[in-house]
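Peer 1: Compute the structure for the input listed below.
(one chain, ligands or ions: 1)
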Amino acid sequence: MRTQRQVVDYSLQKRAVLRELLAARVGTYDVCDASPYLKNAARFHGEPTEERCPICRSENLIHVHYIYGDELKQSAGQARTRAELSVLAMTLREFQVYVVEVCPGCDWNHLVEQFLLGRDGLAGGAEDGLEREAVSGSSAPAGSTSRRRREAQR
Ligand SMILES: [Zn+2]
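Peer 2: Sure thing, here's the model as predicted:
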């Protein structure tokens, strides 16, 4: 998606869980625990994938996209299809998407990735970039002085 940004990939964490499972340090009971809500979301809003479930190897994984953000109001925390995400991405400034993979067979589930969508990701002015940099700084005064220092060094 065009406005996709700040992607965080969770495949390392997933591999770690699968390693633990192989080593029998955790049981399938601990990782195949998809809630009824998650399974419903997968059924009604999920996107089928070509990827086989790493646990039971009998079903393909389904990706569920959960959306979060102030602009979403009462829709925050709900699942949306990819088509709906594209529409929201052109309507809202910024919202967070969490992608969860679910196996409809054995209830395996894991976070795949998270990213931001929204119009703020479209080629915006420099002003916009500065705004976001200020927000991501740990404390405003320190952040602004270090930025000023960086600019002075240029
Ligand atoms: Zn499975």
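Peer 1: Distance check, the closest residue to R82 other than its chain neighbours against the ion.
Peer 2: Nearest non-adjacent residue to R82, counting by C-beta to C-beta, 6 or more residues apart in numbering: E47, 5.6 Å away. In short, each C-beta sits where N, CA and C put it, glycine included. For E47, the distance to the ion (C-beta to the ion, to the nearest Å) stands at 17 Å.
Peer 1: same thing with E71?
Peer 2: 35 Å.
Peer 1: Looks to me like that residue is in a strand.
Peer 2: No - with DSSP: H, G, I helix; E, B strand; the rest coil as the criterion, E71 is helix rather than part of a strand.
Peer 1: How about the contacts made by it?
Peer 2: 92-95, 118 (C-beta atoms under 8 Å, 6 or more residues apart in numbering).
Peer 1: do the same with G46
Peer 2: Per C-beta under 8 Å, 6+ apart, neighbours of G46: 62-64, 79, 102.
Peer 1: Keep only those residues that also lie close to the ion.
Peer 2: Among the contacts of G46, no residue sits close to the ion (C-beta under 5 Å from the ion).
Peer 1: Closest one of these to L88?
Peer 2: A79 (12.3 Å; C-beta to C-beta).
Peer 1: Got phi/psi on the closest one?
Peer 2: phi -90, psi 140 (degrees, to the nearest 10).
Peer 1: Up against the ion, what does this structure have?
Peer 2: So far as C-beta under 5 Å from the ion goes, the chain lies against the ion at 53, 55-56, 103, 105-106, 108.
Peer 1: swap the cut-off to 8 Å and go again
Peer 2: 32, 53-59, 61, 103-108 (C-beta under 8 Å from the ion).
Peer 1: hmm, back to that, can you tell me which of the contacts of G46 are buried?
Peer 2: Burial by neighbour count, 16 or more other C-beta atoms under 10 Å: within these this picks out 62-64, 79, 102.
Peer 1: Grab the most central residue of this protein for me.
Peer 2: The centroid of the chain falls nearest to Q114 when counting by C-alpha atoms, centre = their mean (1.9 Å).
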